[in-house]
Each structure stands twice: as C-alpha cells, then as structure tokens.
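J.: using only what follows, build the 3D model:
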Amino acid sequence: MRLTILSLLKERELCVCEIVEIMNTSQPNVSQHMRKLKDGGLVKEAKKGQWVYYSLSIDDKPYLHELFQHLPAQKEKVDLMSCEQLDCCD
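T.: Predicted coordinates:
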C-alpha cells in the first residue's frame, strides 16, 4: 500500500481525497499510511484550507531514486483523478 502511494506521489502532489479514491480505501486508512510515510521522512504535507496535500520528500535521499525507477508507473490513474472531479477540496 505504501509503495503504491509513493508511486502515485511520484507523478504529482495529491490531496488525501484523491489517494482515497485511487486506492479505493477509507480516508482513515490512507491517513494512517501517510502518517507512517511522513514520520519516515518520505513525504511532506501542505495544508490548503481543511485539506491536506502530500508530495514526495526524497531529494535528500538519492539512494531511493533507483527504487522509484522500479515502481510501476501510476500516471494513468493520477491523470484520471482530480479534486475537481471528486468535488472534495473546495
């Protein structure tokens, strides 16, 4: 689950509601995984209103760049999803 989330974030910054929809899981489940990834220094968050947006934080971890080359691309899933479509981040 966490590797898939990292792969999604490799494509672009995502709102928690977008991750919930793409992963087809609950918001508390995604938030729990995001907390672990944030505690591990792999993602950073930015609050925009009441919503939290996540992005990768791996610039200072060059050893992870090779790992990311082996993760399956998630571009199609990310491109099909947006907060505007979900009407969740107003």
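
J.: what does Phe68 show for phi and psi?
T.: Note on Phe68: its backbone torsions stand at phi -70, psi -20 [degrees, to the nearest 10].

J.: just the element for the closest residue to it other than its chain neighbours, please.
T.: Here the nearest residue to Phe68 in space, its sequence neighbours aside, is Lys10; by C-beta to C-beta, 6 or more residues apart in numbering that works out to 5.7 Å. Every residue, glycine included, has its C-beta placed from N, CA and C. With the criterion set as DSSP states H and E, the secondary-structure element containing Lys10 is helix 2-11.

J.: quick one: Lys47 and Asp60, what's the gap?
T.: 22 Å (C-beta to C-beta, to the nearest Å).

J.: do Leu9 as well
T.: Leu9 sits 16 Å away from Asp60, taking C-beta to C-beta as the criterion.

J.: before we move on, back to that, the residue nearest to Phe68 touches His70, doesn't it?
T.: No - here Lys10 lies out of contact with His70, judged by C-beta atoms under 8 Å, at a distance of 11.4 Å.

J.: helices along the protein, start to end?
T.: If DSSP state H is used as the criterion, the helices of the chain fall at 2-11, 16-23, 27-39, 65-70, 75-79, 83-86.

J.: thinking again about what came up before, contacts for the helix holding Lys10?
T.: With contacts defined as C-beta atoms under 8 Å, 6 or more residues apart in numbering, helix 2-11 is touched by 14, 19, 22-23, 30, 33-34, 36-37, 42-43, 54-56, 68, 71-75, 77-79.

J.: for His65, give me its contacts.
T.: Ile58.

J.: compare Leu9 and Asp60 (neighbour count), which wins?
T.: When Leu9 is set against Asp60 and neighbours are counted by other C-beta atoms under 10 Å, the residue ahead is Leu9, at 24 against 7.
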